[in-house]
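Colleague: Provided below for reference: sequence and predicted model.
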Amino acid sequence: CTLTTAFIFFALFTMFVEGDSLPSNMFGVVFMFMCSWLIGLGFGLCLMGTHRFFPLVERVLIVVPRIGLWTSGVFFVITQLPQHMWPYMTWNPMLHVNELMRNYWFSTYTSPVGDPAFVLECILGLLFLGALLERQARVIPIR
């Protein structure tokens, strides 16, 4: 709730300061915001289950969010990168979410790589794997 409120506040504040209009497709923006939340939920469930089986994974996973942030398209638009890098960058589902968010927010932007089907597949896969790991983690006694 806090992050959603902060997102809405900063989005409205930025629109007011910059003099921009509302998003061109509000449903798409809200849908992509919910998709990013579900990806985080699925990833968190997967990490929780993995940590239960392998406690040392916590030290390795300190680096993963930083690499994910650098490759997610938060700091760049995919068209700023050379086209031969696109197939490798598009493995990150958050890149698709960010590109589609830009696509739905600005009517003048068209994402060359944003794929809602890929985002939904990743969400379903992460949630399914996370639920399996969570269920299995309940069976293992605490050491």
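Modeller: Done, it's in. Residues are numbered from 1 along each chain as shown.
Colleague: show me the shaky parts of this structure.
Modeller: Residue ranges of the chain with pLDDT under 70: 141-143.
Colleague: 50 - rerun?
Modeller: The chain contains no residues with pLDDT under 50.
Colleague: show me where it has helices.
Modeller: 2-18, 26-53, 57-60, 64-70, 86-89, 93-105, 116-139 (DSSP state H).
Colleague: what packs against the fifth one?
Modeller: Helix 86-89 is packed against no helix or strand, with contacts defined by 3 or more CB pairs under 8 Å, 6 or more residues apart in numbering; DSSP states H and E. All C-beta spots, glycine's among them, are computed from the backbone N, C-alpha and C.
Colleague: what comes up buried for it?
Modeller: residue 89 (16 or more other CB atoms under 10 Å).
Colleague: list the contacts of that helix.
Modeller: 71, 73, 78, 81, 95, 112-113 (CB atoms under 8 Å, 6 or more residues apart in numbering).
Colleague: TSV for these, including distance to residue 39?
Modeller: Putting the contacts of helix 86-89 into TSV (distance: CB to CB, whole Å) gives the following:
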residue	distance to residue 39
71	14
73	13
78	18
81	21
95	11
112	21
113	16
